[in-house]
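*Asks:* Build me a structure from this.
(3 chains)
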Amino acid sequence: MTATITETKTGWPDRINEAARKLTQGYALVVIIAFAASLAVGLLILAALGVSPWQALSVMINGAFGSRMAIGDTLVFMTPRLMTALAALIAIRCGFYNLGAEGQLQLGAVGAVLPATMLPHSLGLLLLPISLISGAIFGALWGLIPAVLKLWRGANEIIVTLMMNFIGIYFVKYLVEGPLQPAGSNFNMSAKIANAAQLPLLLPGTRLHLGAVIAVVTAALLWFLLYHSTFGIRLRAAGLSPRAARLQGMPLSRLILSSMLISGAIAGVGGAIEVLGVQYRLIEGFSSDFGFDGLAVALLGGLEPLGAVIVALYFGAINSGTIALQSVLSIPSAMAMIMSGLPILFLATIQGFRLVKGRK
Amino acid sequence: MSFDPITISLLLAAAVRLSAPMLLASLGELISERAGVLNIGLEGLMLFGAFGSVLGLQESNVPMIGLLSGALWGLGAAAILALAVALLRADQIVIGIGFNILALGATSLLRQEVLNPSYNAPSLRAISIYRIPVLDHWPIIGRAFFMQSPVFYGAVLLAVVLGLMLKYTRLGLIIRAVGEGAGAADAAGVSVTALRFGAMAFTGLCAGLGGGYLTIVASGGVFVDNMTGGRGYLAVAVVIFSRWRPLWILAASILFGCADALQYQGQAIGLSIPPPLLLMSPFVLALVAWVLMGKGKTGPGEIGLPFLRGQK
Amino acid sequence: MPPDPYLTLTAITKAFTPGHPVLDNVTVAFRRGEIHAILGENGAGKSTLLNILFGMYQPDMGGILLEGREVIHRSPADAIANRIGMVHQHFKLVPTFTVAENLRLAAPPAIRPSLARNADIARLADSFGLSIDPKAIVSTLPLSLQQRVEILKALINKAELVLFDEPTTILNPAEIAAFYKVLRQIAAAGRAVVVVTHHLNEVVDHAQHASVIRRGKLISSGPVAGRAREDFVRDMVGHEVDLSAALDGTGEAPGAVRLSLQNVSVAATPSSSGLRDTSLTLRAGEVVGIAGVEGNGQRELFELVAGALTPDSGTVEAGRSHADGRPRVGLVPEDRHQEGLVLDLPIAVNLLLNKIDEAPYARAGRLNHAAITARAEEMRAASDVRSRNVHVTPRILSGGNQQKIVLARAMNEDADIIAVYQPTRGLDVAASEEILRRLRDAANGGRAVLFISSNLDEIMRISDRIIIFYAGRAVGEVNGRASREEIGALMTGGAAH
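*Replies:* As a prediction, this is how the structure comes out:
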């Protein structure tokens, strides 16, 4: 599925996707096993740290869902990962292995903070949509680059998007240490955004903001796009079987460009939401690897929008749950990353094993 | 900006010194890729190596044992990765991404639980600098290339040895065959699984050593979360745009070492490039090189693919 | 009494999915000095049998007797150690390696010193009558020479039993004759030779012993001498079939020109000659066969007609065109799984893939699932696609049913041209016959059919005219009743008449 006409010999994503897709039957069960196994490993680690697994589990569940505030936090943590997951999903469904959601998210945050800090406050409520759209545009343009490089130069998108992630991260670092750093400040962050540009809070007493709704609505729109539009069916056909799609006259290059525009825009809005709804400024390191988490979410969710929502919610819960672990039981918050990395490792391994078994 | 010979010599020396982690990791990755495995998990392997070396250093107080420990941690982590990829045929990209997330979390957790934050490292000079007599007095490049850590000399030697091995030995032939046509190698009675496992283990050893060098030789024996900062991903790119040739990898690593060196010494020579842009530059460079490389030869034919016997 | 067998496969049973054996209690014996053909339809299980012998798969039951003693082949390495060599249908060569590197890779330790220098390799190859340049990169060699490298690999490994899986599909008639000459030499030197094939002529002409497998069961095994072609067909298919009967046209003169290629050229690639200044016309009511060895411009021709390729020079004109200028042509591509179908999208979508953005299936960019389902069900019924409904994916269907979907879509295109490329590859006789019948009917109903195939028998049966491609040119045209020899001569670049 590396789609493209331009692809020469290394069709990594092409063949990778094909292998991954051979195993759709029983996918949900495999995902559940992967989650159960990683939860078990996580609890074992906690036991090794001298914490009773059951106590840890109850603290985590309480921290994730135990109160209105906890639920709010879980949803806030879900949001960026859902956005990056949706970004990864739409590109991969078109056969374009976009590992660059992290970079697109970073650029989206830049795109949002510029109007939100620089445009006159007199624009009032218009500031919010302008900032969101600006974030989308920045992300989309950043996402367009690997697509163009691939179609124009045949550059494999896996390497390009990986490199562009770090370029994006260091670009944000450059901005907040330089041009966007308010005069006289020693902190690596931009000025605070205008009040009118902030995403409204939804539940009193929680940090839950409109961004969570935007993320879920985006998932719904993406589902509609994939399954009920001609664009979606062409995109899926091109991703699953570019050669068949090409013979039926489907414009592969255009499909890849559009899917990467959408992908980048979604990740960009994800970055914008973090600025406009959580941090209220651009901060170095505002994303704790949301881009890579999102990729894991997308794959664990079977590259389906609904699956992504469910898995992103789980990741959000892990995030708020491990924060509770830290405050209640002094367990390092790094547990969150361990618990996020494990399921995808289990999933990939089980799927690989099934691939081998299927051949014997 | 001043361009006197001494400044340039110092800068070059720092660049060469800082190139070693990239060089080691890339050489390790080279073998994986030649054997058909795109090992994105390199970043995580380096991170485990970096942690492991500090652990070894703290336990033994001997810098060389620290490095050795880093290499072994890299090897151990790679064995797990190889189990999933080579034996169980997990998707190489997906597993790499997941592994790196896990490595970030695991090393951070271990740092907080196991490492002593107030540990004072012994003098690391012994493994940081080893003068090669006579040659180190050459103007400008003497200091850069002949007053380095023994590890660096070892890495350069390794580059040469790997180049010769790939080209002239039977092992090299088999490694290349597994990467270019695993089916042919299998039909010739080569165990693709075992060979890829071995290649990935070697990658882990090198990446672990590279991570160890990063902490012990380049950072005074201190482990910081996510201290590899994308060097592993960069090393993957370096291997590819060096077109799988060890000497090119050596050159590219030193070039990227320059970017690192400028961060520390840029101000000394009056260079006013902001540090984040210097941090960014290797990635931009890699991207540009990758794009310029274009549609030419794209490397081991079966890279990224699980080997399944009987597949047409 | 024939000599004792060199190797016997005893009561081999193998099932990839429980309850559906691919091989069911198959026993065959191979003797030295003989060319032993294993015949069967696509999917009969003959390749699986070879793969089990070579250690690629393990049998569920049964075993291997080598000169009377039991051996177990857990991997190809075991088989090689037991002096068995295999020439796979898809060559097991490293394409970027030189001939010498490939041979060294495959050689056992004892042999390696004798392969150290290229001159030694060249001499060794000559001694087997298989001359080759050791320095040549394999991927740049023609397939017949790549096959020669594979044979050399087996011989260098001192194979006493050499297996060939469908060795002749990539060869032209002259190369096939030369190939069997090599096999006779190999057998004459006291080795056993096993050839899996579904080409009857070769069996009758060249093999001494033949075993026929049908649906995983051994139907017959014995000397070829004295058996007629028809006997083998009956054993393979299970009933009498006349595979040489012509599929006749209406007898009327062909109608108006539907497709016209004028002096088209397409650049050559490593695997193909491209097209050089080729012209061709296709008229209503006729089937035009394109014969030739693969890689002589057929793929480029198909892609040009499909509108997926633009010629470097020359023009392609079709009666009707799509909005974007592509010719409107119903397409049956060569590779059913990769080009014909999107295996993981529902049958309904596959049936209407070429029209999915047209009314009534879509309005304002939105899919009309009801209209798609209704029309797809109609098409499924008309084409006799055996599936539960149109919402399942074609992945689970048999090759024949998959091809019916592709053909139904091609017929449903608002086009009076149908272009097919290897339409029966991998199908069994019944499914093949049905596809051919439908194509002939389409032509008899007034459509123009471009029939590209490397299967000469098929082309000769269905075509009104046959155009022979060689090195990217149409080197000759004969009518549908030309002789095999006449066409064969043209296929190898012989003089056009």
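
*Asks:* Could you use CA atoms for every contact and neighbour count after this?
*Replies:* Fine.

*Asks:* low pLDDT regions in the chain?
*Replies:* As the question left the chain open, I've gone with chain A. Scanning chain A for pLDDT under 70 picks out the ranges A:1-25, A:358-360.

*Asks:* I was after chain C.
*Replies:* By pLDDT under 70, the low-scoring segments of chain C are C:1-2, C:494-497.

*Asks:* Show me what from it comes close to chain A.
*Replies:* Taking CA under 8 Å from any CA of the partner chain as the contact definition, chain C meets chain A at C:16, C:57, C:303, C:306-308, C:326, C:338-345, C:353-354, C:356-357, C:362, C:365-368.

*Asks:* Return a ChimeraX selection command for the buried portion of those residues.
*Replies:* Buried members of these, defined by 16 or more other CA atoms under 10 Å in any protein chain shown, are picked up in ChimeraX with:
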select /C:57,303,306,307,308,326,338,339,340,341,342,343,344,345,353,354,356,357,362,365,366,367,368
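
*Asks:* near chain B, from the residues of chain C next to chain A?
*Replies:* Answer for the residues of chain C next to chain A near chain B: none qualify (CA under 8 Å from any CA).

*Asks:* From the residues of chain C next to chain A, which land in strands?
*Replies:* C:16, C:362, C:366, C:367 (DSSP state E).

*Asks:* Nearest residue to residue 211 in space, please, no chain neighbours.
*Replies:* All of this is about chain A. Among residues not flanking residue A:211 along the chain, residue A:273 sits closest, at 5.7 Å (CA to CA, 6 or more residues apart in numbering or on different chains).

*Asks:* Not quite, go with chain C.
*Replies:* Spatial nearest neighbour of residue C:211, excluding adjacent residues (CA to CA, 6+ apart): residue C:221 at 4.0 Å.

*Asks:* For chain B, state which of the ones in strands among the residues of chain C next to chain A is nearest.
*Replies:* Within those, the smallest distance to chain B is 12.5 Å, found for residue C:16 (CA to the nearest CA).

*Asks:* Is it correct that that closest one is in contact with residue C:22?
*Replies:* Yes. Between residue C:16 and residue C:22 there is a contact under CA atoms under 8 Å: 7.1 Å.

*Asks:* Now do the SS call for residue C:110.
*Replies:* coil (DSSP: H, G, I helix; E, B strand; the rest coil).

*Asks:* How much space separates it from chain B?
*Replies:* Applying CA to the nearest CA, to the nearest Å, the value for residue C:110 to chain B is 14 Å.

*Asks:* How much space separates that residue from residue C:103?
*Replies:* 13 Å (CA to CA, to the nearest Å).

*Asks:* Neighbour count for these two, which is higher?
*Replies:* Set side by side, residue C:110 and residue C:103 show more neighbours around residue C:103, with 24 against 8, by other CA atoms under 10 Å in any protein chain shown.

*Asks:* List the contacts of that one.
*Replies:* C:115, C:149, C:152, C:153, C:156 (CA atoms under 8 Å, 6 or more residues apart in numbering or on different chains).

*Asks:* Need phi/psi at the first one.
*Replies:* I take that to be residue C:115. Per-residue torsions, residue C:115: phi -110, psi 10 (degrees, to the nearest 10).

*Asks:* what does the third one give?
*Replies:* The phi/psi pair for residue C:152 (degrees, to the nearest 10) reads phi -60, psi -40.

*Asks:* Residues of the stretch 101-250 of chain C that sit close to chain B?
*Replies:* Counting by CA under 8 Å from any CA, the residues of the stretch 101-250 of chain C near chain B are C:101, C:105, C:106, C:107.

*Asks:* in terms of contact, does the last one touch residue C:156 like I think?
*Replies:* Going back to what we said before, that points to residue C:107. Yes. Applying CA under 8 Å as the test, residue C:107 and residue C:156 come out as touching, 6.7 Å apart.

*Asks:* Which stretches in the stretch 351-497 of chain C count as helices?
*Replies:* Using DSSP state H, counting those that start in this stretch, the helices of the stretch 351-497 of chain C run over residues C:369-383, C:399-412, C:429-444, C:456-462, C:484-491.

*Asks:* just the stretch 51-200 of chain A next, same as before
*Replies:* Under DSSP H, counting those that start in this stretch, the stretch 51-200 of chain A gives helices at A:53-65, A:68-93, A:101-118, A:127-153, A:157-177.

*Asks:* Which residue, other than its chain neighbours, is closest to the residue of chain A found nearest chain C?
*Replies:* Among all residues of chain A, residue A:244 sits closest to chain C, at 3.8 Å; criterion: CA to the nearest CA. Residue nearest to residue A:244 in three dimensions, not counting chain neighbours: residue C:339, with 3.8 Å by CA to CA, 6+ apart.

*Asks:* Enumerate every residue touching the residue most central in space within chain A.
*Replies:* Nearest to the mean C-alpha position of chain A, counting by CA atoms, centre = their mean, stands residue A:84 at 1.7 Å. By CA under 8 Å, 6+ apart, the contact set of residue A:84 is A:101, A:102, A:105, A:266, A:267, A:270, A:290, A:291, A:293, A:294, A:295.
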